[in-house]
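J.: structure of the sequence below:
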Amino acid sequence: MENINYKLVNKLREVRLNRNVSAEDLAMNVGVLKGTIESIEMGIVTPSLILALKISRYLNTTVNDIFSVEYTPFIV
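T.: Below you'll find the predicted structure:
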């Protein structure tokens, strides 16, 4: 039987820096703490769909440009 591991991959830091937006500015404009943005960027926290949409809207891009899922099959 084959199972699949799912891993959220994000380019939030890369996209944010390319737009010259600080973590603090992004956090303030989407209604979270700076630490939340940093935790998302480090992969510690997975954002809610609403937060992902707010982030992508503020950064003038799509959710798919920031977040994606990596699939890794493994056999049990």
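J.: local confidence estimate at the nearest residue to T46 once chain neighbours are set aside?
T.: Distance criterion Cβ to Cβ, 6 or more residues apart in numbering; nearest residue to T46, sequence neighbours excluded, is L8 at 5.6 Å. For glycine as for every other residue, the C-beta is placed from the backbone atoms N, C-alpha and C. For L8, the pLDDT comes out at 87.
J.: now the one 3 residues further on
T.: Note on K11: pLDDT of 97.
J.: for V63, see how far away it is.
T.: 11 Å (Cβ to Cβ, to the nearest Å).
J.: once you drop chain neighbours, what's closest to R16?
T.: L26 (5.9 Å).
J.: helix or strand for that neighbour, which one?
T.: helix 23-30 (DSSP states H and E).
J.: with just CA atoms, put that helix into CSV.
T.: This file holds the C-alpha atoms of helix 23-30, laid out as CSV (Å, rounded to 0.1, in the frame of the first residue of the first chain):
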residue,chain,number,x,y,z
ALA,A,23,7.9,41.1,8.4
GLU,A,24,6.6,43.7,10.8
ASP,A,25,4.8,45.7,8.1
LEU,A,26,3.2,42.5,6.6
ALA,A,27,2.1,41.4,10.0
MET,A,28,0.5,44.7,10.9
ASN,A,29,-1.4,44.8,7.6
VAL,A,30,-2.8,41.3,7.8
